[in-house]
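K.L.:
Need a 3D model of the sequence below.
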Amino acid sequence: MGQHVRNIRIKKRVLPLYPLSVYLLLLLSILLSSGCRNEGNALDKSDSNNSAENSTPAYGDTIIVGSIGEPSVLIPMLAGDSASHEVAGLIFNGLVKYDTDLEIIGDLAESWDISPDGLTITFHLRKGVRWTDGVEFTADDVMFGYKTIIDDKTPTAYKEDFLQVKRAKVLDRYTFRVTYKKPFAPALSSWGNLPVLPEHLLRGKDITKAAFRRKPVGMGPFIFQKWIPGEKIVLRSNHDYFEGRPYIDHYIYRIIPDPSTMFLELRTGGIDLMGLTPVQYKKQTDTEFFRKNFHKFRYPTFAYTYLGFNLKYGLFTNRKIRQAIAYAINKQEIIDIVLFGLGRIAT
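P.N.:
Residues are numbered from 1 along each chain as shown. Below is the predicted model:
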């Protein structure tokens with residue numbers, strides 16, 4: 001298990017349940033004190049802490065986040081990379097999510113009931129929530145998302161969880177019920193992996209080809225504004241977000257493929273926030289300059305690193321060979337030397 005994750009604080013925003021990218025954070029002090037950005041300035045840590053004690057968060061300004069990867073798509077169920085999930089997670093919501101203690105709480109579902117046998121979950125949805133085009137969110141949108149993800153034509157890594165469902169039913173505009181074929185441990189949490197889609201915009205369309213995949217309409221804390229390929233994605237705050245308007249007005253996701261270049265951008269004020277490589281976290285930020293101007297964070301995460309076998313290659317079709325390779329790998333040595341101790345062996 002990794003030991004670091006990005007979770008930008010946007011009022012009471014907490015972690016979505018779909019996979020999160022592995023991050024170590026370096027955050028300008030001014031972001032922690034006021035929830036906004038001063039263009040090109042790094043604030044002394046002591047000054048920012050004093051400011052934070054005597055003021056309340058203010059609305060406005062921009063946060064610029066650096067990433068080595070560019071999203072491939074902004075529909076979460078189609079995303080297979082962390083960059084796509086990271087941006088889409090600010091635009092869409094699931095029925096449930098994790099709080100900061102990693103407990104499952106409601107997102108678009110206010111509450112739910114689970115039958116004594118554990119096979120049926122009845123979700124009671126929030127009322128009055130609207131897509132950013134003004135149309136109200138209802139249980140029909142949840143059903144549409146469910147039908148889309150189990151469709152054979154939808155290429156998604158999350159399909160299997162929803163194929164465990166025996167029956168799904170819309171009871172009324174704000175109530176959605178699912179019954180499973182047999183007890184399924186991640187039944188509840190899986191509905192955080194299904195960011196709801198707007199049926200009124202996507203009904204009858206192939207989501208793998210629709211313009212929506214790069215110009216989405218959601219109901220999350222941020223609204224898609226523009227995407228300049230190879231350069232940046234710009235989001236603006238959703239002032240009508242059901243959990244409250246974000247303090248940050250604009251979220252700019254800059255694509256900088258080279259970690260060293262991104263690190264220089266951070267030092268010179270070109271970006272406010274980035275994930276650090278292990279060597280950057282352990283070595284390159286252990287200086288007086290960074291201790292004075294930045295905060296560095298380390299978080300638990302659901303992300304993991306693995307060696308995948310190509311099962312179409314004759315040698316790897318043999319299970320014993322795969323097991324032998326797995327046993328031969330010194331996982332702790334990789335963590336200690338390559339990751340500088342920033343990880344733990346998955347069990």
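K.L.:
For the nearest residue to Ala210 once chain neighbours are set aside, grab phi and psi.
P.N.:
The shortest distance from Ala210 to any residue that is not its chain neighbour, by Cβ to Cβ, 6 or more residues apart in numbering, is 6.5 Å, and that residue is Leu202. Quick note: C-beta positions are derived from backbone N, CA and C, even for glycine. Dihedral angles phi and psi of Leu202 (degrees, to the nearest 10) take the values phi -120, psi 0.
K.L.:
Same question for Met262.
P.N.:
Taking degrees, to the nearest 10, you get phi -60, psi -40 for the backbone angles of Met262.
K.L.:
Next: Arg213.
P.N.:
Here the main-chain torsion angles of Arg213 (degrees, to the nearest 10) amount to phi -60, psi -20.
K.L.:
quick revisit: these two touch, right, the residue nearest to Ala210 and Asp141?
P.N.:
No: the criterion here is Cβ atoms under 8 Å, and Leu202 misses it with Asp141 at 9.6 Å.
K.L.:
about what we covered before: can you name the residues that contact the residue nearest to Ala210?
P.N.:
By Cβ atoms under 8 Å, 6 or more residues apart in numbering, the contact list for Leu202 reads 144, 148, 210, 212.
K.L.:
tell me which residues in the strand or helix carrying the second one are buried?
P.N.:
For Thr148, the enclosing helix or strand under DSSP states H and E is helix 139-150. Under the neighbour-count criterion of 16 or more other Cβ atoms under 10 Å, helix 139-150 has 139-146, 148-150 buried.
K.L.:
mind checking how far the closest residue to Ile252 other than its chain neighbours is from Ala79?
P.N.:
Spatially, and ignoring its direct neighbours in sequence, Ile252 is nearest to Ile64 (4.6 Å; Cβ to Cβ, 6+ apart). Ile64 sits 22 Å away from Ala79, taking Cβ to Cβ, to the nearest Å as the criterion.
K.L.:
got it, and Pro155?
P.N.:
Counting by Cβ to Cβ, the gap from Pro155 to Ala79 is 11 Å.
K.L.:
Look at the two and report which has more neighbours.
P.N.:
Counting neighbours by other Cβ atoms under 10 Å for Pro155 and for Ala79 shows that Ala79 has the greater number, 25 against 12.
K.L.:
Give me the pLDDT for the residue nearest to Ile252.
P.N.:
With respect to pLDDT, Ile64 scores 97.
K.L.:
hang on, it is in a helix, isn't it?
P.N.:
No: assigned with DSSP: H, G, I helix; E, B strand; the rest coil, Ile64 falls outside any helix and is strand.
K.L.:
correct me, but it touches Leu266?
P.N.:
No: assessed by Cβ under 8 Å, Ile64 is found out of contact with Leu266, at 9.9 Å.
K.L.:
Mutual contacts of Pro155 and Ala79, please.
P.N.:
Joint contacts of Pro155 and Ala79 (Cβ under 8 Å, 6+ apart) do not exist.
K.L.:
Between Ile64 and Leu266, which is the more surrounded one?
P.N.:
Ranked by neighbour count (other Cβ under 10 Å), Ile64 and Leu266 place Leu266 first, with 25 against 22.
K.L.:
Quickly find the element holding the more buried one.
P.N.:
The secondary structure element spanning Leu266 is helix 259-268 (assigned by DSSP H and E).
K.L.:
again with Val217
P.N.:
Element membership of Val217, judged by DSSP H and E, is empty: it is in no helix or strand.
K.L.:
ok, now which ones touch Gly341?
P.N.:
Gly341 sits in contact with Ile335, where contact means Cβ under 8 Å, 6+ apart.
K.L.:
what domains does the record give for this protein?
P.N.:
24-91+220-298, 96-202, 305-347 (automatic domain parsing).
K.L.:
Distance from the shortest one to the middle of the chain?
P.N.:
Read that as domain 305-347. For domain 305-347, the distance between its averaged C-alpha position and the chain's averaged C-alpha position is 26 Å (Cα atoms, centre = their mean, to the nearest Å).
K.L.:
Isn't Leu342 up against Arg298?
P.N.:
Yes: the pair Leu342 / Arg298 is scored as a contact, 7.4 Å apart, by Cβ under 8 Å.
K.L.:
quick one: the strands in the chain?
P.N.:
Remark: strands of the chain, listed N- to C-terminal, are 24-28, 62-67, 96-98, 104-106, 109-114, 120-125, 165-172, 175-180, 222-228, 232-237, 250-255, 273-275, 294-298; assignment by DSSP state E.
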